[in-house]
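Student: Make a model of this:
(one chain, ligands or ions: 1)
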Amino acid sequence: MAKDVVLSLAGIDRHYGQGETVLSILKGADFTLRTGETVALVAPSGTGKSTLLHVAGLLEHPDGGEVTVGGVACQELGDEQRTAIRRKSIGFVYQFHHLLPEFSALENVMMPQLIAGLTKPEAAERAKQLLDYMRVGHRADHRPAELSGGEQQRVAIARAVANAPLVLLADEPTGNLDPETASYVFSALEALVRQSGLSAMIATHNHDIARRMDRCVTLVDGKVVELVV
Ligand SMILES: Nc1ncnc2c1ncn2[C@@H]1O[C@H](COP(=O)(O)OP(=O)(O)OP(=O)(O)O)[C@@H](O)[C@H]1O
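Tutor: Below is the predicted model:
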């Protein structure tokens, strides 16, 4: 793997179901993400965007092929090792925030850092910085249900980058927001990614958002193909 490649997918196969009802989603998909690069994944519904992100983020096992994260080939690793790599190297943002409802925004952003072994004061300081950066610091002590959709998603983004991952994977991170809020939240996400030099792959249906990334890819017949938007 080239030195500046942070994530590579090689010959990824993924199918669902069995026998005659088998549905092949990814068919030898290849993809490479370089350090500091931002890539939009734009493809019609049902073509496998979430599947590709889940495989890349070590949330799902592919049926064939190799996922390499930060130079580590993950295919032969056990669940524990994959989880350790995922926690250290991958930040994931979903369409719905998936914040823990019984904890405050600040505690939600502290959580992955505490799991990674930081002390409470260290985790709290970084969480505050990230929430301020995402312009939601004034809501730090509130629980998710007390936040607006845009605020919830900004907290979820702060949480995803709390452990300074190598790669940020986002699955339609603004898909559940109205256009104005989506634009605001995406700008905050983009600024954070650029400022921290993060590598990111973002699935989106929004072509305005896609154009702001370094490059765009799509899925055609189970393979990743470069796209000009
Ligand atoms: N666990 C599963 N079991 C069976 N089929 C699945 C499973 N997960 C996804 N699929 C199917 O695989 C296909 C690809 O799903 P995926 O969610 O990756 O698409 P997508 O491009 O992200 O779609 P959307 O834009 O609508 O979110 C779909 O037809 C979906 O129904």
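Student: Okay, buried residues for stretch 199-217 please.
Tutor: Using 16 or more other Cβ atoms under 10 Å as the test for burial, stretch 199-217 gives 199-204, 206, 209-210, 212-213, 216-217. In this view, the C-beta of every residue, glycine as well, is placed from N, C-alpha and C.
Student: again, but for stretch 100-114
Tutor: Buried residues in stretch 100-114, counted by 16+ other Cβ under 10 Å: 104-114.
Student: outside of that stretch, which residues touch it?
Tutor: For stretch 100-114, contacts defined as Cβ atoms under 8 Å, 6 or more residues apart in numbering pick out 87, 99, 120, 122-124, 126-128, 130-131, 136, 139-145, 147, 151, 155-156, 158-159, 162-163.
Student: Let me see the mean pLDDT of the longest helix seen in the chain.
Tutor: Counting residues, the longest helix in the chain under DSSP state H turns out to be helix 179-196. The average pLDDT within helix 179-196 is 90.
Student: elements contacting that helix?
Tutor: Packed against helix 179-196 by the contact rule (3 or more Cβ pairs under 8 Å, 6 or more residues apart in numbering; DSSP states H and E) you find strand 38-41, helix 120-133, helix 149-160, helix 207-211.
Student: same thing but at 7 Å, please
Tutor: Judged by 3 or more Cβ pairs under 7 Å, 6 or more residues apart in numbering; DSSP states H and E, the packing partners of helix 179-196 are helix 149-160.
Student: Now do the helix it packs on and helix 120-133, the angle between them.
Tutor: Interaxial angle of helix 149-160 relative to helix 120-133 (axes from the mean of the first three to the mean of the last three Cα atoms, to 10 degrees): 140 degrees.
Student: Let me know the pLDDT of Gly11.
Tutor: Here, the pLDDT recorded for Gly11 equals 97.
Student: oh, I was asking about Met1
Tutor: Per-residue pLDDT puts Met1 at 57.
Student: got it, and Asp221?
Tutor: With respect to pLDDT, Asp221 scores 95.
Student: so where's the chain shaky on pLDDT?
Tutor: Low-confidence segments of the chain, defined by pLDDT under 70: 1-3.
Student: near the ligand, which residues of the chain?
Tutor: Within the chain, the positions adjacent to the ligand are 16, 23, 25, 43, 45-51 by Cβ under 6 Å from any ligand atom.
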